[in-house]
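Participant: Give me coordinates for this.
(2 chains)
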Amino acid sequence: METMRERFSAVTSRLLAEQPRLAVVLADITADSFGPACRRYPDRVINVGIREQLLISVTGGLALAGLRPVAHTFASFLIERPFEQIKLDLNHQGAGAVLVSAGASYDYADSGRTHQAPGDVALLGTLPGWTVHIPGHPDEAERQLRAAATGHDLVYVRLSSAANTVPLEAAPGRLAVLRAGRQGTVLVAGPLADAVLDATQGLDVTVLYAATIRPLDTATLRAMLAAPAVVLVEPYLAGTSAPAVSGALRDIPHRILGLGVGRRELRCYGTPADHQAAHGLDARSLRASISAFLGG
Amino acid sequence: MNGMTSTAARTAAGRPAPASYADLPRLMSLMTGDAKHDQAATSTLDVLWVLYDRVLRVTPQTAADDTRDRFLLSKGHGPMAYYAVLAAQGFLDPAELPGFGSSGSVLGLHPDHLLVPGAEISSGSLGHGLPLAVGLALGLRAQQLTRPDGTSPRVFVLLGDGELDEGSNYEAIAFAGRAGLDGLHAVVVDNASASHGWPGGIEARFAVEGWSVLRTGGRDHAALHAALTAPHPGRPHLVVAAVEPRDR
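Facilitator: This next block holds a predicted model:
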């Protein structure tokens, strides 16, 4: 299957032709895939080299000039390294932008800690105004990228080499109901949905799917809440969205279990599947955690 | 305030007409409460005045035009001189000046461009203005904006020599040089405040990356004007404006 990152460069290259105010800012990563677009639109496809502070500041400057900038590199270098530039050169300037990352939490498991960014979504959570997409399929990523390209707001699209077998998003920004049950709710974001569907086979639980985690679709969460117990399954730092879920249920005594990537450095290499299991996010581990918490 | 309103004519909109260079100390006093200001407080004053009075093609009436020149104050510390010039040029109501730094004022110890009329960016954290200016100049170039007389909007950014300690500037200096970004103009006010200095001169660091560079006196209006308007086809332009060394 085509990866989300391949879809990103293909779709964005086409959008450059359709939307004269769209600009792409790169820091060498994925620059080869944008080569044809860069030759055709040299003023709107800008590769600043391995300069990630400049990547974000140029993005802010392009927005101040009236363009719609899309900035891209690996999540660790897009969000963590230039975080003050995001805070000041985007948010504080009142500048809109689309940040599109690759690599996710452990797509590059064999590259080690330097190329892993499980804290990106939590970091952006300290800033106002961000829409955060966690696509679970290239089709979902494409829809999100197309919508973001015409906006003026702050949008983060977190691409991953992991994906579900089919797109699961029912409506943009809304939680999709994958399964309805009585003992509790499992809310899963992005590419971990297939593992959660495996893990909850035969369990009497509701499974909700988020391709957009921020803002959280609290209306659907509340409408589907059969029992006040929620298991969050996120492919980044465990518990990142627990405050949002708890806030949505503030008038209801409730329990939350946040599953996701642990804070502890694994200090091992291997494959994404190895890391998924090490963080307890494979189907077998998820089933054990969910059953223990919900008493199933 | 009384001096302003009694001596300066008013525009049709009720705003004071642009004041002169001689009015700036009094406007600064409205913020500081001091009759006189030390050299540190006024290190940027002459550059700012020459830019707004003689170089920048932007007025309160064209402040929202796509084709206006942009001035970015990167060195956001000590913005009294900047606010005084904005007030003198009619961007900012002088009645705002006495509230400087107080709750409810639009004028903070570091400028917020969503609050200050005429300010193009918010600054205070060092090392952000020049990289933002690179993006702004790229964005203006991409849109091929031109004024009726055929000229293109330009970007000017003011930094301090101490601010060049921040590494983010070097990402911007190198890239702007290689991109031949001739819409970009950096002015570094050099009061020798960088802790470890710049052996060989600030301008050497820009020149090696392909910038056009000039050094001039930071209090000499004619020399500043000449340096700021010198031709630099195909290259970004640096003016180092030397002022009195900061007291240590």
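
Participant: longest strand of chain A?
Facilitator: Assignment by DSSP state E gives strand A:229-237 as the longest strand of chain A.

Participant: Tell me the helix or strand right after it.
Facilitator: Next helix or strand after strand A:229-237 toward the C-terminus (DSSP states H and E): helix A:242-248.

Participant: average pLDDT across that next one?
Facilitator: For helix A:242-248, mean pLDDT rounds to 98.

Participant: all helices of chain B, in order?
Facilitator: Under the criterion DSSP state H, chain B contains helices at B:2-7, B:24-32, B:45-50, B:80-88, B:129-143, B:168-178, B:202-207, B:221-228.

Participant: I'd like to know which elements the second one is packed against.
Facilitator: When contacts are defined as 3 or more CB pairs under 8 Å, 6 or more residues apart in numbering or on different chains; DSSP states H and E, helix B:24-32 sits against helix B:2-7, helix B:80-88. Backbone N, C-alpha and C define where each C-beta goes, glycine included.

Participant: Next, please give the residue ranges for the helices of the stretch 51-200 of chain A.
Facilitator: Along the stretch 51-200 of chain A, counting by DSSP state H, counting those that start in this stretch, helices occupy A:52-64, A:75, A:83-85, A:120-124, A:138-149, A:193-199.

Participant: and of those helices, who's closest to chain B?
Facilitator: For those, the distance to chain B is smallest for helix A:52-64, at 2.0 Å, taking CB to the nearest CB.

Participant: That closest one versus helix B:168-178: what angle between them?
Facilitator: 70 degrees (axes from the mean of the first three to the mean of the last three CA atoms, to 10 degrees).

Participant: can you tell if helix A:52-64 touches chain B?
Facilitator: Yes: judged by CB under 8 Å from any CB of the partner chain, helix A:52-64 and chain B are in contact via A:Gln53, A:Leu54, A:Ser57, A:Val58, A:Thr59, A:Gly60, A:Gly61, A:Leu62, A:Ala63, A:Leu64.

Participant: Strands along the chain, start to end?
Facilitator: Went with chain A since none was named. A:22-26, A:45-47, A:68-74, A:97-102, A:130-133, A:154-158, A:176-179, A:185-189, A:206-210, A:212-214, A:229-237, A:255-261.

Participant: not quite, I wanted chain B
Facilitator: Per DSSP E, chain B carries strands over the ranges B:70-73, B:155-160, B:184-190, B:212-217, B:237-242.

Participant: want to try CSV for those, with mean pLDDT as columns?
Facilitator: As requested, these are arranged in CSV below (pLDDT from 0 to 100):
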stretch, mean pLDDT
strand B:70-73, 98
strand B:155-160, 98
strand B:184-190, 98
strand B:212-217, 98
strand B:237-242, 98
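
Participant: Let's have those strands in TSV, adding mean neighbour count and distance to chain A.
Facilitator: Converted to TSV, those look like this (neighbours: other CB atoms under 10 Å in any protein chain shown; distance: least, CB to the nearest CB, whole Å):
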stretch	mean neighbour count	distance to chain A
strand B:70-73	25	8
strand B:155-160	26	9
strand B:184-190	27	10
strand B:212-217	18	20
strand B:237-242	24	17
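
Participant: The residue nearest the centre of chain A - nearest residue in space that isn't next to it in sequence?
Facilitator: What sits nearest the mean C-alpha location of chain A, by CA atoms, centre = their mean, is A:Ile134, with 2.9 Å. Spatial nearest neighbour of A:Ile134, excluding adjacent residues (CB to CB, 6 or more residues apart in numbering or on different chains): A:Gly190 at 3.5 Å.
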